[in-house]
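1. Sequence first, then the predicted structure, then my questions.
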Amino acid sequence: MVRATQTEIEDAVEALRSGELVVFPTETVYGLGANAADPAAVRKIFEVKGRPADHPVIVHLDNPRYLHRWVSDMPPVAEQLAAKFWPGPLTLILLKADNVNDIVTGGQDSIGIRVPSHPMAQQLLTAFGGGIAAPSANRFGRLSPTKPEHVRDELGDAVRVILDGGDSPIGLESTIVSCLGNEARLLRPGFITRSQLAQVVDLATGGAVPRAPGDRLLHYAPSTPLAIVASDDLEKYASEFVARQEKVAVLAMRPPLQTQRHMTWINAGKKPDAYAHNLYNHLRTLDSAGCARILVQELPDDERWAAILDRLQRASGMDGDPLELSAG
C-alpha cells in the first residue's frame with residue numbers, strides 16, 4: 001500500500017491542529033477527519049457533510065494504549081475483540097470518558113472507537129498523536145468514497161488536505177459491535193463477519209442498542225432510485241423501462257442475456273470481496289448514467305454477502321419490491 005510523504009503528513013497534522021478538516025484513506029473507505037478533542041473542528045464535519053447532530057462519529061486511534069483518553073470502561077468482550085481484530089476494520093462501541101464532548105457521541109454516553117490498519121491512516125494518527133473523529137468523506141446518506149476523486153467530486157473545495165492512498169482495499173465501512181454492559185452486539189455488518197466475531201465472543205441479541213453510524217433506513221444511497229430484484233427478473237424489468245424509452249441501469253452478478261439500447265449493465269461478478277471492493281464505484285458509475293432506476297440483482301443468502309446486502313438495502317430505503325418498478 002502507498003505511504004504518504006513526510007511533507008504530506010506534516011501538512012495534514014498542521015491542518016488538524018489548526019481546527020481544519022483532513023481527508024485520509026483507511027482500509028474501509030476514505031474518512032473526513034477532525035481533531036476529536038476540538039468540538040469546533042468536529043462541528044465542521046457535520047456542516048460539510050450535512051450530518052444530523054445526533055448522529056455519532058467514530059474516533060480513530062493509532063494504538064489501543066490511548067483508549068483511556070476516550071473510554072471510561074473497556075469490558076472483557078471489548079478486550080477480546082480488540083486483541084483479535086485491531087488494527088483492522090472493526091469499530092467498538094464503549095462507554096465514553098467524561099471529557100469527551102457530546103458533538104462526538106451524538107449526545108450519548110457511548111463512543112465508537114476504531115484502530116485502522118491502513119498504513120497511511122497509521123502514519124497520520126501516529127504523527128498527530130491524538131484521536132481523529134472521522135465519518136466517511138461524503139455528503140450524509142450518500143455513497144461512501146473509496147477513491148480520492150470521489151471525495152473531490154462530492155466535497156469540492158470544502159477540504160484543503162486530501163491524502164491520496166489510492167483505492168480503499170475493502171471498500172465497505174467497518175463492522176460495528178456494541179460492547180456496552182460487557183455484551184457484544186453486532187450493530188453493522190462489515191468485512192469482519194458474524195461468524196468471525198462469534199469465534200471470539202458470544203454475541204447477544206435483542207436489548208437496547210445505541211445509535212451508530214450508518215443505522216438510518218435510507219443510507220449509502222445514490223441519487224438514482226435503487227431496487228433489488230431477482231436475477232430472473234432483471235431483463236423483464238429493464239425491458240419495461242426501455243419500452244418507455246427510459247434509461248435503466250443494472251448491477252448484476254452476470255452478463256445480460258442480451259444488450260439493449262437505453263440499458264447500462266455492470267457485471268460485478270460472484271466473488272464477495274471483489275464485489276464489495278467495487279460496490280460504491282460501480283454505483284457511482286451507474287448513478288452518473290442519467291437513468292430512471294438502478295436495478296440490483298439480489299445477492300446470495302450467505303454471510304459473506306451480509307455487509308453488501310445491508311448497504312444495498314439501505315441504498316434502496318428497504319423498498320426493493322419489484323412490483324413497484326413498473327410504475328415508472
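-> Good, I have the coordinates. Numbers count the residues shown, from 1 in each chain.

2. Buried residues, stretch 193-205. List them.
-> By neighbour count, and taking 16 or more other CB atoms under 10 Å as the criterion, the buried residues in stretch 193-205 are 193, 197, 200, 201. (Each C-beta comes from the backbone N, C-alpha and C, glycine too.)

3. any idea which of those residues is closest to residue 213?
-> Comparing those against residue 213 with CB to CB picks out residue 197 as the nearest, at 17.8 Å.

4. thinking the closest one is in contact with residue 185, fair?
-> No - the pair residue 197 / residue 185 is not scored as a contact, 10.0 Å apart, by CB atoms under 8 Å.

5. Wasn't residue 296 part of a strand?
-> Yes - assigned with DSSP: H, G, I helix; E, B strand; the rest coil, residue 296 falls within a strand.

6. Which residues does it form beta bridges with?
-> Beta-bridge pairing of residue 296, defined through DSSP bridges, involves residue 228, residue 251.

7. That one against residue 224, yeah?
-> No - here residue 296 lies out of contact with residue 224, judged by CB under 8 Å, at a distance of 11.2 Å.

8. The two - which one has more neighbours?
-> In this view residue 296 and residue 224 are compared by other CB atoms under 10 Å, and residue 296 has more residues nearby, 28 against 19.

9. What residues does that one make contact with?
-> If you count contacts by CB atoms under 8 Å, 6 or more residues apart in numbering, residue 296 has them with 226, 227, 228, 229, 250, 251, 252, 312, 316, 320.

10. Kindly reformat these as TSV and extend each row with neighbour count and pLDDT.
-> Formatted as TSV, the contacts of residue 296 follow (neighbours: other CB atoms under 10 Å; pLDDT from 0 to 100):
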residue	neighbour count	pLDDT
226	25	97
227	19	96
228	21	97
229	20	97
250	24	98
251	24	98
252	19	98
312	24	96
316	21	93
320	18	42
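
11. Just give me the closest of the residues you listed to residue 148.
-> Within those, distances to residue 148 taken as CB to CB reach their minimum at residue 251, with 23.0 Å.

12. Now do the longest helix anywhere in the chain: which elements does it pack against?
-> When the chain is scanned for its longest helix (criterion: DSSP state H), the result is helix 272-287. Secondary-structure packing of helix 272-287 (3 or more CB pairs under 8 Å, 6 or more residues apart in numbering; DSSP states H and E): helix 148-155, strand 248-252, strand 263-267, strand 293-297, helix 306-315.
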